[in-house]
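A.B. asks: Next comes the sequence, and after it the predicted model I'd like to discuss.
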Amino acid sequence: MSLALDKPRQPRRPAARRGNGELYSWLFMRLSGLLLVVLVLGHLFIMNILDGGVHKINFGFVAGRWASPFWQFWDLAMLWLAQIHGGNGVRTVINDYARKDSTRFWLKMLLYVSMVLIISLGTFVIFTFDPNISN
Amino acid sequence: MTATAETTAGSRGSQPPVPDGAVTVTVKIRRFNPEFDDEPRWDSFDIPALPSDRVLNLLHYIKWYVDGTLTFRRSCAHGICGSDAMRINGVNRLACKVLLKDLLQKGDKQTTITIEPIKGLPVHKDLLVDMEPFFEAFRAVKPYLVTYGNEPTRERIQSVADRERFDDTTKCILCACCTTSCPVYWTEGSYFGPAAIVNAHRFIFDSRDEGAEERLDILNDIDGVWRCRTTFNCTDACPRGIQVTKAIQEVKRALLFKRV
């Protein structure tokens, strides 16, 4: 910076760095929301409207879909985005409404644990799904 | 009305004659006296008023002629000082800027006006709240000119366009209508609130000021602008017509794109 200070005792104070966590979480909500509109509406359309709707869904149908990496990725993206988007939303609700610090901490811990559990379980199923399991 | 007048008379003696064209309205006030009450209670007053009266006139009438213990703030009584912010019929307004004719019921129905203290701040007595948490948030965003280096020998010149940039947020009178209308502020008092962000906006976008980065960092915090849920309560509540939510969004944009 080429700013010449002619009063050395009045230095330009560096701004207090507080991190951009809240900014990124706010931005993530907008971007993941846009993606989820496409992913979820597409998912609902395929599952509930196309080709006889919900009655066609059975083990074989799911197995057929997950044979393709495209649908594996689709469901994986939907799982991760929906979990983190929803979890982040609930996190802000907890931040807004929890009155005591200890309540806030434990509610958030419960939330994070459930998020990690569901994301890992879902991811595990998508990647290790065995279509011959019934045999 | 007369029954209470005997025990707790108004501060200015007997009631003046009722003027022509006056209607009787019921004013329902949420009151709290820390010396006697454990919980806030509702008090109703039936008083004569002209449609051209402001709500503040009704409060004056009650205090002066009916019940002198009624406590509220007011100073200029003309919408400039920002002292008499209160919740009138469920929305935050300045009592000196709301006309009775806009609250009257159609036809011959009895009009009831509810008046409560602004929400989210501790109530001292009746409509009088502790404004300190509000001003604390205001001070935290450094609402003054921040510059570095030597003072110029001449005036700090600014173009019309640069002045226009923050014109809207210079109108704030710190009445707390916006901050105490915000649902996030009601539940979580550590949020800076709309008024503090408006006053930060006034300096962040001032071309003469050099403290934008410091203020933006303060508002980037967990209690800063990202808490805003864009419910627009603040914009609706502002008696000066400031586009409060828009100002908050402009601060968010400045943080997002690192550009003032």
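C.D. replies: Arrived safely, thanks for sending. Numbers count the residues shown, from 1 in each chain, chains lettered A, B, ... in the order given.

A.B. asks: Please point out which parts of the lowest-mean-pLDDT helix or strand in chain A sit buried.
C.D. replies: Lowest on mean pLDDT, DSSP states H and E among the helices and strands of chain A sits helix A:59-65, with a mean of 88. Buried residues in helix A:59-65, defined by neighbour count with 16 or more other C-beta atoms under 10 Å in any protein chain shown: residue A:65. Yep, even glycine has a C-beta here, placed from its N, CA and C like the rest.

A.B. asks: now for the helix or strand that it is followed by, which elements pack on it?
C.D. replies: Sequence order places helix A:69-97 as the next helix or strand after helix A:59-65, per DSSP states H and E. Contacts defined by 3 or more C-beta pairs under 8 Å, 6 or more residues apart in numbering or on different chains; DSSP states H and E place helix A:69-97 against helix A:21-48, helix A:101-128, helix B:183-187.

A.B. asks: Just list what the shortest one packs against, helices and strands only.
C.D. replies: Spelled out, that is helix B:183-187. With contacts taken as 3+ C-beta pairs under 8 Å, 6+ apart, helix B:183-187 sits against helix A:69-97.

A.B. asks: And the residue of chain A that's closest to chain B?
C.D. replies: residue A:22 (4.0 Å; C-beta to the nearest C-beta).

A.B. asks: can you pull the contacts of that residue?
C.D. replies: B:220, B:221, B:222, B:224, B:226 (C-beta atoms under 8 Å, 6 or more residues apart in numbering or on different chains).

A.B. asks: Spatially central residue in chain B, please.
C.D. replies: Geometric centre of chain B, nearest residue: residue B:177, 2.7 Å, by C-alpha atoms, centre = their mean.

A.B. asks: Distance of that one relative to residue A:76?
C.D. replies: 48 Å (C-beta to C-beta, to the nearest Å).

A.B. asks: do residue A:35 as well
C.D. replies: Residue A:35 is 13 Å from residue A:76, by C-beta to C-beta.

A.B. asks: for residue B:74, phi and psi?
C.D. replies: phi -160, psi 150 (degrees, to the nearest 10).

A.B. asks: Which residue is the nearest non-sequential neighbour of it?
C.D. replies: Excluding its sequence neighbours, the residue lying closest to residue B:74 (C-beta to C-beta, 6 or more residues apart in numbering or on different chains) is residue B:84, at 4.2 Å.

A.B. asks: go on, residue B:21?
C.D. replies: residue B:50 (6.1 Å).

A.B. asks: Around the one you found, how many other residues sit close by?
C.D. replies: Neighbours of residue B:50 under the rule other C-beta atoms under 10 Å in any protein chain shown: 16.

A.B. asks: pretty sure it is in contact with residue B:100, am I right?
C.D. replies: Yes - using C-beta atoms under 8 Å, residue B:50 makes contact with residue B:100 at a distance of 7.1 Å.

A.B. asks: I'd like the contacts of residue A:22 written out as CSV, with distance to residue A:70 and secondary structure added.
C.D. replies: Output for these, formatted as CSV (distance: C-beta to C-beta, whole Å; DSSP: H, G, I helix; E, B strand; the rest coil):
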residue, distance to residue A:70, secondary structure
B:220, 39, coil
B:221, 42, coil
B:222, 39, coil
B:224, 41, coil
B:226, 35, helix
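
A.B. asks: ok, which of those residues also contact chain A?
C.D. replies: By C-beta under 8 Å from any C-beta of the partner chain, the members of those lying near chain A are B:220, B:221, B:222, B:224, B:226.

A.B. asks: Which one among these sits at the bottom for pLDDT?
C.D. replies: When the ones next to chain A among the contacts of residue A:22 are compared by pLDDT, residue B:222 scores lowest at 84.

A.B. asks: Any residues of chain B in contact with chain A? List them.
C.D. replies: B:148-150, B:184, B:187-188, B:210, B:213-214, B:216-218, B:220-222, B:224, B:226-227, B:252, B:255-256.

A.B. asks: from the residues you listed, which would you call buried?
C.D. replies: Buried among those (16+ other C-beta under 10 Å): B:184, B:188, B:210, B:213-214, B:216-218, B:220-222, B:224, B:226-227, B:252, B:255.

A.B. asks: which two in the residues you listed are spaced the farthest apart?
C.D. replies: Using C-beta to C-beta, these reach their maximum pairwise distance at B:188 and B:210, which is 31.4 Å.

A.B. asks: Give me the residue ranges of chain A where confidence is low.
C.D. replies: A:1-18, A:134-135 (pLDDT under 70).

A.B. asks: Grab the nearest non-local neighbour of the residue minimising distance to the centre of it.
C.D. replies: Nearest to the geometric centre of chain A sits residue A:84, at 2.2 Å (C-alpha atoms, centre = their mean). With C-beta to C-beta, 6+ apart as the criterion, residue A:84 has its nearest non-adjacent residue at 6.8 Å, and that residue is residue A:32.

A.B. asks: residue contacts, the one you found?
C.D. replies: Contacts of residue A:32 by C-beta under 8 Å, 6+ apart are A:81, A:84, A:85.

A.B. asks: how far away is residue B:40 from chain A?
C.D. replies: Distance from residue B:40 to chain A, counting by C-beta to the nearest C-beta, to the nearest Å: 19 Å.

A.B. asks: Might you report the residue contacts of the nearest residue to that residue once chain neighbours are set aside?
C.D. replies: Counting by C-beta to C-beta, 6+ apart, residue B:40 lies nearest to residue B:32, which is 4.2 Å off, once chain neighbours are set aside. Taking C-beta under 8 Å, 6+ apart, we find residue B:32 in contact with B:39, B:40, B:41, B:117, B:123, B:125, B:126.
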